[in-house]
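>>> next input, structure requested:
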Amino acid sequence: MTRTVRTLVAVDPGLDVGAITSIVPDGDGLQVVGVVADLEDARRRLEQVQFDTLVVASTTSSEPALRLVGEARRHGPERSVLVLSE
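Numbers count the residues shown, from 1 in each chain. Sure, this is the predicted structure:
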């Protein structure tokens with residue numbers, strides 16, 4: 001039986017949300033449970049959305065991205081975090 005990985009995608013406002021979501025497939029064992037186009041808003045959603053993996057797309061040296069990754073690790077150390085950087 002295939003396990004479905006619930007994925008939350010958070011995108012830095014300076015990036016193209018459509019371009020980022022096009023590289024995160026929905027299906028075949030991966031379910032996108034949310035796309036957030038603001039990293040600060042994504043921090044607030046960490047406790048509201050059930051997910052297994054957080055994908056963070058950010059610009060280089062993004063402080064909000066670093067805060068989001070830190071918060072995600074604190075709230076769910078068993079969750080995976082994948083960072084995509086421009």
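
>>> check the offset of the top helix by length along the chain from the chain's centre.
For the chain, the helix reaching the highest residue count under DSSP state H is reported as helix 63-75. A distance of 10 Å separates the C-alpha centroid of helix 63-75 from that of its chain, computed with CA atoms, centre = their mean, to the nearest Å.

>>> now stretch 61-81
9 Å.

>>> likewise for stretch 53-65?
Relative to the chain's own centre, stretch 53-65 is displaced by 8 Å; criterion: CA atoms, centre = their mean.

>>> the longest helix of the chain - contacts with which helices or strands?
Judged by 3 or more CB pairs under 8 Å, 6 or more residues apart in numbering; DSSP states H and E, helix 63-75 is in contact with helix 39-45, strand 53-58, strand 80-85. C-beta coordinates here come from the backbone N, C-alpha and C atoms, glycine included.

>>> point out the most buried one among these.
For the helices and strands packed on helix 63-75, average neighbour numbers computed from mean count of other CB atoms under 10 Å are highest in strand 53-58, which has a mean of 23.
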